[in-house]
Structure formats: structure tokens, C-alpha cells
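In: Need a 3D model of the following:
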Amino acid sequence: MAAERVNLLDFDREQLTRWCDSLGEKPFRAVQLTRWIHRNLESDFSKMTNLAKSFREKLEAMAEVRPPEPMREQISSDGTRKWAFDVGNGNAVEAVYIPEVDRGTLCISTQAGCAMGCLFCSTGKQGFARNLKTSEIVGQLFWAERELRREAGTDNPNERVITNVVLMGMGEPLQNLEAVVPAIRLFLDDHAYGISRRRVTVSTSGLTNQMDKLAELAPVALAVSLHAPTDELRDKIEAARQRIADQVAKNADADADAAETVKDVAETAKEAAKDAAATAEEGAKETAAEVKEAAGEVAKAAEGKKDEK
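Out: Numbering: from 1, shown residues only. Okay, here's the model as predicted:
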């Protein structure tokens with residue numbers, strides 16, 4: 001059975017450098033590959049003409065560039081386009097291209113379904129299937145940009161059609177940081193899509209801990225969904241806050257139980273240590289008494305033999 005090919009869309013440039021190194025290739029090969037794949041939107045290794053033939057042969061045998069396949073497309077009268085991408089097991093995710101005079105924005109998905117359960121959201125009502133891979137997130141931009149360039153009649157990587165990316169499609173991006181962060185790094189990489197940080201936006205329902213992680217790992221624009229002018233109304237219509245609160249409480253209870261168990265074990269161990277020490281002390285006293293008694297008997301026996309002489 002042939003080994004599964006590595007989808008290079010799963011790697012940001014740093015990860016791709018490590019992968020190339022595992023093949024005995026120099027770091028600059030990762031830069032070349034990044035530019036071919038994400039700037040030139042090329043998936044055919046034989047067309048990557050500045051790569052050594054031996055390296056191209058390795059790539060053709062071991063790797064692939066495979067974005068998710070579009071299942072259907074809808075085009076609005078204002079030029080807005082929506083694609084549904086097949087991500088396997090009966091799941092599909094959507095990406096939406098919104099053209100404007102001074103920009104072209106692609107809204108992409110990060111999960112198949114969503115676990116947050118916001119009452120106003122159709123995706124939340126579907127439930128959660130799984131997190132998307134980096135290749136499935138980046139692949140939406142790869143496929144859409146390539147398709148839009150083809151229709152515009154250009155293959156010039158400097159003439160980008162998509163200038164802005166927003167992670168506001170299906171799913172909660174901050175619940176999938178492992179795949180989202182490498183994707184964002186590719187969006188920002190000048191050797192890849194070269195999009196400004198101000199033009200990449202992550203939307204969240206309000207996961208504060210993950211916001212801090214995102215700011216540390218891939219600082220970009222952040223949009224927090226409020227959904228209501230007051231906390232009272234927000235609490236009613238957004239199940240996410242209560243779900244998170246419940247989970248935090250559950251975790252806190254679990255932590256409290258664990259702490260109580262540790263305390264009980266510690267007390268038991270302390271009592272056992274006391275008992276062991278007391279037993280040892282009593283045993284030592286008994287042993288000392290027995291030794292003393294035996295010594296006395298030996299002394300008496302010796303004294304008796306002396307008298308007999």
C-alpha cells in the first residue's frame with residue numbers, strides 16, 4: 001500500500017523548512033516552495049522550474065498541494081460569491097468572496113459545524129463535526145484566489161484579487177488555534193499571500209484566554225461578537241457564554257474534588273507515618289528491653305561459673 005502523500009498546504013514556512021530538512025534539502029527550498037504554492041498558486045511540481053529535478057521527483061513521490069474541492073457555487077447580482085467546499089464524511093464548509101471598489105474580502109471557515117451553540121446562528125444549530133486542518137483553511141483562499149485570477153485573465157502574483165481575509169465563516173476560530181495560527185502566518189508571509197495584519201481579521205464569540213494566545217502567536221485584527229446592546233439580552237441569545245461558564249464551573253468542581261482527594265490522601269499518609277513511627281518506636285523499646293534482659297542473663301551465667309571455680 002502506497003504511503004499517504006503529505007499535503008503541503010498544511011505547513012507554514014517554518015514547518016515547511018523542517019519538512020524539507022527531513023528530506024536533506026536546504027532551507028531556501030522551503031522559501032521557493034512557499035512562493036510557488038502560495039504566490040503563484042501552483043500545485044503541479046513539474047512546473048516549479050527553479051527547483052532541482054531530484055527535489056521535484058521527491059515531491060511528486062511524497063507530496064501534494066490539495067485544497068478542498070468546491071461542491072457548489074452561488075453568485076449574487078452584486079458579484080458576491082459563495083462556495084461550499086467538501087471536507088469529507090458528508091461535511092461541507094462555506095467561503096464567501098465580497099468584492100468592493102477598494103478591496104476584495106474572503107470570509108473563510110475554520111470548523112465543520114460549531115460547538116458554541118449560539119441561538120441566532122445557523123451553524124451553531126448544526127452541532128460540531130470537527131476542526132478543519134490548516135490545509136482546509138488555507139485551501140479556501142488558495143482555491144478562491146486561483147479561480148478569481150483565472151477569471152480576471154491574470155497569473156501575475158502581484159495582482160491579487162483577494163486583499164482581505166476574515167475568519168468569520170463557520171466555526172469558532174479560537175477553538176482551533178492549532179490549525180488557525182499556521183494559516184494566519186501564511187496569510188501574512190510576504191513569500192506567501194503577503195496580506196497586511198490590518199487586513200486579516202479573526203472573529204470570536206468571546207473566548208478571552210484564547211484571545212491572549214492569538215495575540216502572542218499571530219497578532220492580527222480581532223472582532224468580538226456582541227449580538228446585543230446589553231449583557232442581559234446577550235445572555236439570553238448567546239448560549240456560548242453560559243456553556244463556557246458551565247464548563248469553567250465543571251472544571252472548578254473537578255479541581256476542587258481533586259484537591260480534596262489529594263488532601264485526604266495526604267492526611268491518610270500522615271496518619272500512616274505516625275502509626276509507623278509509633279510502631280517503630282514501640283518495637284525499638286521492646287527490642288532494647290529484650291536485649292537488656294538477655295544481657296542480664298548472660299551476666300548472671302558468667303557470675304555463676306566464676307563462683308563454681
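
In: just for the protein, where's the confidence low?
Out: 1-2, 237-309 (pLDDT under 70).

In: what's the spacing between the one residue sitting closest to the centre of it and residue 111?
Out: Note on the chain: the residue nearest the mean C-alpha position is residue 178, at 1.9 Å, using Cα atoms, centre = their mean. Taking Cβ to Cβ, to the nearest Å as the measure, residue 178 falls 12 Å from residue 111. C-beta coordinates here come from the backbone N, C-alpha and C atoms, glycine included.

In: Find the residues that touch each one of those two.
Out: Applying Cβ atoms under 8 Å, 6 or more residues apart in numbering, one finds that residue 178 and residue 111 are jointly contacted by residue 131.

In: Is residue 113 in contact with residue 170, as I believe?
Out: Yes: under the criterion of Cβ atoms under 8 Å, residue 113 makes contact with residue 170 at 6.9 Å.

In: sorry, back to before: where does the residue nearest to the centre of the chain fall, secondary structure wise?
Out: For residue 178, the element it lies in under DSSP states H and E is helix 177-188.

In: In terms of secondary structure, what does that helix contact?
Out: helix 13-22, helix 134-152, strand 200-204, helix 208-217 (3 or more Cβ pairs under 8 Å, 6 or more residues apart in numbering; DSSP states H and E).

In: for that helix, which positions count as buried?
Out: Within helix 177-188, the residues scored as buried using 16 or more other Cβ atoms under 10 Å are 177, 179, 180, 181, 182, 183, 184, 185, 186, 187, 188.

In: And residue 113 and residue 170? Which one has more around it.
Out: residue 170 (24 against 19; other Cβ atoms under 10 Å).

In: Now the more buried one. Its backbone dihedrals?
Out: With angles defined as degrees, to the nearest 10, residue 170 sits at phi -70, psi 140.

In: Let's verify residue 166: helix, strand, or coil?
Out: On the three-state scheme (DSSP: H, G, I helix; E, B strand; the rest coil), residue 166 is labelled strand.

In: Who does it form a beta bridge with?
Out: For residue 166, the beta-bridge partners are residue 107, residue 201 (DSSP bridges).

In: count of neighbours near it?
Out: Residue 166: 19 neighbours (other Cβ under 10 Å).

In: Report the contact partners of it.
Out: 105, 106, 107, 108, 200, 201, 202, 203, 223.

In: What subset of those is buried?
Out: 105, 106, 107, 108, 200, 201, 202, 203.

In: Contacts only, for the closest residue to the fifth one other than its chain neighbours.
Out: I take that to be residue 200. Leaving aside its sequence neighbours, residue 200 sits nearest to residue 220 (Cβ to Cβ, 6 or more residues apart in numbering; 4.3 Å). Counting by Cβ under 8 Å, 6+ apart, residue 220 touches 184, 188, 197, 200, 201, 202, 214.

In: hmm, 7 Å instead?
Out: Residues in contact with residue 220 (Cβ atoms under 7 Å, 6 or more residues apart in numbering) are 184, 197, 200, 201, 202.

In: now these as a markdown table including distance to residue 49?
Out: Formatted as a markdown table, the contacts of residue 220 follow (distance: Cβ to Cβ, whole Å):
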| residue | distance to residue 49 |
| --- | --- |
| 184 | 30 |
| 197 | 32 |
| 200 | 31 |
| 201 | 36 |
| 202 | 36 |
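
In: coming back round to it: could you identify the most distant pair in the contacts of residue 166?
Out: Spanning the widest gap among the contacts of residue 166 are 106 and 223, at 15.1 Å by Cβ to Cβ.

In: that older thread, ok, of the buried ones among the contacts of residue 166, which one's closest to residue 41?
Out: For those, the nearest to residue 41 is residue 106 (13.6 Å; Cβ to Cβ).

In: Verify the contact between the closest one and residue 144 for me.
Out: Yes: between residue 106 and residue 144 a contact is recorded at 5.5 Å, counting by Cβ atoms under 7 Å.

In: Now do the shared contacts for those two.
Out: Common neighbours of residue 106 and residue 144 (Cβ under 7 Å, 6+ apart) are 95, 97, 162.

In: Which member of the residues you listed is positioned nearest residue 52?
Out: Proximity to residue 52 was ranked across the shared contacts of residue 106 and residue 144 by Cβ to Cβ; first place goes to residue 162, at 31.5 Å.

In: Among the shared contacts of residue 106 and residue 144, name the ones in strands.
Out: Per DSSP state E, strands hold the following members of those: 95, 97.

In: For the shared contacts of residue 106 and residue 144, could you give me JSON lines that also reports neighbour count and distance to residue 229?
Out: Below are those laid out as JSON lines (neighbours: other Cβ atoms under 10 Å; distance: Cβ to Cβ, whole Å):
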{"residue": "95", "neighbour count": "24", "distance to residue 229": "31"}
{"residue": "97", "neighbour count": "22", "distance to residue 229": "31"}
{"residue": "162", "neighbour count": "21", "distance to residue 229": "33"}
